[in-house]
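J.: here is a sequence together with a model predicted from it:
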Amino acid sequence: MSYPYQQQQQHGAPSYGQQNAYGGNTQQGHQNQHGQQAPYGQQQQASGQQQQGYGQQQGYSGQQQQGYGQAAYGAPQKSFGGMGGPQMPPGADQQLWTWYVAVDADRSGAINPVELQQALINGDWSPFSLETVQLMMTLFDRDASGTIGFDEFTSLWRYIEDWKRIFQQFDADRSGRIDKVELKQALQAFGYNVSERIVDLLIRKFARKGATEITFDAFISCCVTIKSLSEAFQRCDRDRDGYVNMSHEMFLEVVISTRQ
């Protein structure tokens, strides 16, 4: 399995089942009940049949879809109807354009972090954290404007959809949250064979206060953080033995450069 949006270098990651110098042997794949590994970018179903409402978009009708988590990942939280506004660009996805115009609450022609946060929900109906929203916007805000235009929004939305498929694959109990066992399995699938102690630390870091599981938005932040830190470590580990001797200044450089 690869990290979402693999075609861009900043989002790349070891392929699913690839040997990784910093986690030992990885698993050969998260398989369905038929023993077939789902291709990256396609939603994996245990029975081979599409589950009703599983992660479907809620849309703008305000009607809740039945199914996984009783909510839709990334779906708008309320209906935006009867809007006029800018013309859809040629070749644009009509549904994505409708969402984009709806999320642009101040009609500025671009989406800011607060507007995007208000449009995104987790599978348990909790809102995305502003920290995760800002992290994702940083990845796709190509002109460093602090906002995203429609093209950037389209890329970001596909990125969220890719993460959603991965999250659903490892949320074995369909709770809309990832527990420590499921998180460890996900990290192993990405090539990071981390210890129980590190998994516990990640849960404490990214779970909401007092919780023992992480929501979809926290799962994205957690995985992106592990990826960034691991890549920074690998740049310092010249002989690829999993150990690094570094000065205090080098340590600070690594930490500061990997802060999202």
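T.: Thanks, I have the structure now.

J.: extract the C-alpha trace of stretch 192-200 and format it as PDB.
T.: Taking C-alpha atoms only, stretch 192-200 is exported to PDB below (Å, rounded to 0.1, in the frame of the first residue of the first chain):
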ATOM      1  CA  TYR A 192       6.600   1.000   9.800                       C
ATOM      2  CA  ASN A 193       7.000  -1.900  12.300                       C
ATOM      3  CA  VAL A 194       6.700   0.300  15.400                       C
ATOM      4  CA  SER A 195       6.600  -1.000  19.000                       C
ATOM      5  CA  GLU A 196       3.500  -1.100  21.200                       C
ATOM      6  CA  ARG A 197       5.100   1.700  23.200                       C
ATOM      7  CA  ILE A 198       5.200   4.000  20.100                       C
ATOM      8  CA  VAL A 199       1.600   3.100  19.200                       C
ATOM      9  CA  ASP A 200       0.500   4.000  22.700                       C
END
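
J.: what mean pLDDT does that stretch have?
T.: Taken as a whole, stretch 192-200 has an average pLDDT of 92.

J.: for it, which residues meet the burial criterion?
T.: Going by neighbour count (16 or more other CB atoms under 10 Å), the buried part of stretch 192-200 is 192-194, 199. Where C-beta positions appear, they are placed from N, C-alpha and C, glycine not excepted.

J.: in helices, which of the residues you listed appear?
T.: Using DSSP state H, V199 are the members of the buried residues of stretch 192-200 that sit in helices.

J.: can I get the buried residues of stretch 192-200 in JSON lines including distance to D241?
T.: Formatted as JSON lines, these follow (distance: CB to CB, whole Å):
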{"residue": "Y192", "distance to D241": "17"}
{"residue": "N193", "distance to D241": "15"}
{"residue": "V194", "distance to D241": "17"}
{"residue": "V199", "distance to D241": "23"}
